[in-house]
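*Asks:* Take a look and give me a structure for this.
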Amino acid sequence: MIKKILTAILIPLALVSLLSAQETAKSGAKLFIDETSFDFGYIYAGSVVSHSYVFHSRGTDSLKILNVKPGCGCTKAPLKKEVVAVGDSTEVELVFTSNKGAKGNVGKSATVSCNDSDRGTFQLKFTGKNFTDPDSLTPLTLSEGELVLNSQSSAKEAKLVVKNVSANSVRIHLVSQPAGFLQVEIPDAEIKPGKEKEIAVKVNSSVTDEQFKKSFTFVVNDQAGTRYTIPVTYSKLAEVSVIQPASSKSTTTGK
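*Replies:* Numbering: from 1, shown residues only. Predicted coordinates for the structure are as follows:
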């Protein structure tokens, strides 16, 4: 009897699995990705950094992103849309919150499932290196580990000063920035040993978000290809000063 019951349960499940596999096999969805791994380089400990991976739908059927599952609680993966029409694209953003005071290398991932039969399930990965002291890095030191902007900031702009503490002249190049949120102006001149340059960061005038946390990444043309990722926090909400009520003193009458 038990054997018959188990058979009655397992056969339908097997059929559902088979039909699902056949449906995936029939799918003409094709996923093309610009990259599946990203190196943040130096990450200021305790900050939030992010990078978007672009998914392109280039098959004959719409691409369906079935699931995006981060490997740990410190990583989030917001998805803009689950169904991507042929010829269109979407982004999967991995948002990583580093531990305050953490030092050393870090590596995280998220598992993605889609209806592209050639890919099925795959991983998006990123690496980085936590630091706590912006002025102790090489080959460049930073004036700040992260940038904070608000509606009171001049022209919604902030500047990061980088200083070359190496023995050679270097140049820096922008690797990644959040599209639609920030304008990052990297100096195109070389930075000589002991000299400084400024990186200007502006919030796009079209941004309607009340607040956001994003980041941008730049690379140095030294032998190691050293990277730096700078977190940027923005809020246009008015700051409210909380006034604590004065403590009342009780009067005790002695006998």
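*Asks:* Please identify the buried residues of the helix or strand hosting Lys129?
*Replies:* Using DSSP states H and E, Lys129 sits within strand 121-131. Neighbour-count burial for strand 121-131, counted by 16 or more other Cβ atoms under 10 Å, picks out 124-131. Where you see a C-beta, it was placed from the backbone N, CA and C, and this is true even at glycine.
*Asks:* likewise stretch 108-120?
*Replies:* Neighbour-count burial for stretch 108-120 [16+ other Cβ under 10 Å]: 108-110, 112, 114-117, 119.
*Asks:* Keeping just the C-alphas, turn that stretch into CSV.
*Replies:* Taking Å, rounded to 0.1, in the frame of the first residue of the first chain, the C-alpha atoms of stretch 108-120 are listed here in CSV:
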residue,chain,number,x,y,z
LYS,A,108,30.9,37.3,-2.4
SER,A,109,28.4,36.0,-5.0
ALA,A,110,24.8,35.6,-6.0
THR,A,111,23.2,32.7,-7.9
VAL,A,112,21.0,33.6,-10.9
SER,A,113,18.5,31.3,-12.6
CYS,A,114,17.0,32.1,-16.0
ASN,A,115,15.2,30.4,-18.9
ASP,A,116,18.3,30.4,-21.2
SER,A,117,18.8,26.6,-21.6
ASP,A,118,22.5,27.1,-22.2
ARG,A,119,23.1,28.9,-19.0
GLY,A,120,20.3,27.8,-16.6
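*Asks:* who's in contact with that stretch?
*Replies:* 24-25, 27, 29-31, 59, 61, 63-72, 74-75, 77, 92, 94, 96, 121-126 (Cβ atoms under 8 Å, 6 or more residues apart in numbering).
*Asks:* re earlier: would you turn the buried residues of strand 121-131 into CSV with pLDDT?
*Replies:* Formatted as CSV, the buried residues of strand 121-131 follow (pLDDT from 0 to 100):
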residue, pLDDT
Leu124, 97
Lys125, 97
Phe126, 98
Thr127, 98
Gly128, 98
Lys129, 98
Asn130, 97
Phe131, 97
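*Asks:* quick one: which of those is nearest to Ala224?
*Replies:* Distance to Ala224 across these (Cβ to Cβ) is lowest for Lys129, with 11.4 Å.
*Asks:* circling back to that earlier point, closest one to Pro178 out of the buried residues of strand 121-131, please.
*Replies:* The nearest member of the buried residues of strand 121-131 to Pro178, counting by Cβ to Cβ, is Phe126 at 14.8 Å.
*Asks:* which residues does that closest one bridge with?
*Replies:* On the basis of DSSP bridges, Phe126 is bridged to Phe38, Lys108.
*Asks:* With Ile172 instead?
*Replies:* Val220.
*Asks:* is it true that it touches Leu140?
*Replies:* Yes. Checked against Cβ atoms under 8 Å, the pair Ile172 and Leu140 is within contact range at 7.5 Å.
*Asks:* Common neighbours of these two, please.
*Replies:* 162, 191, 220.
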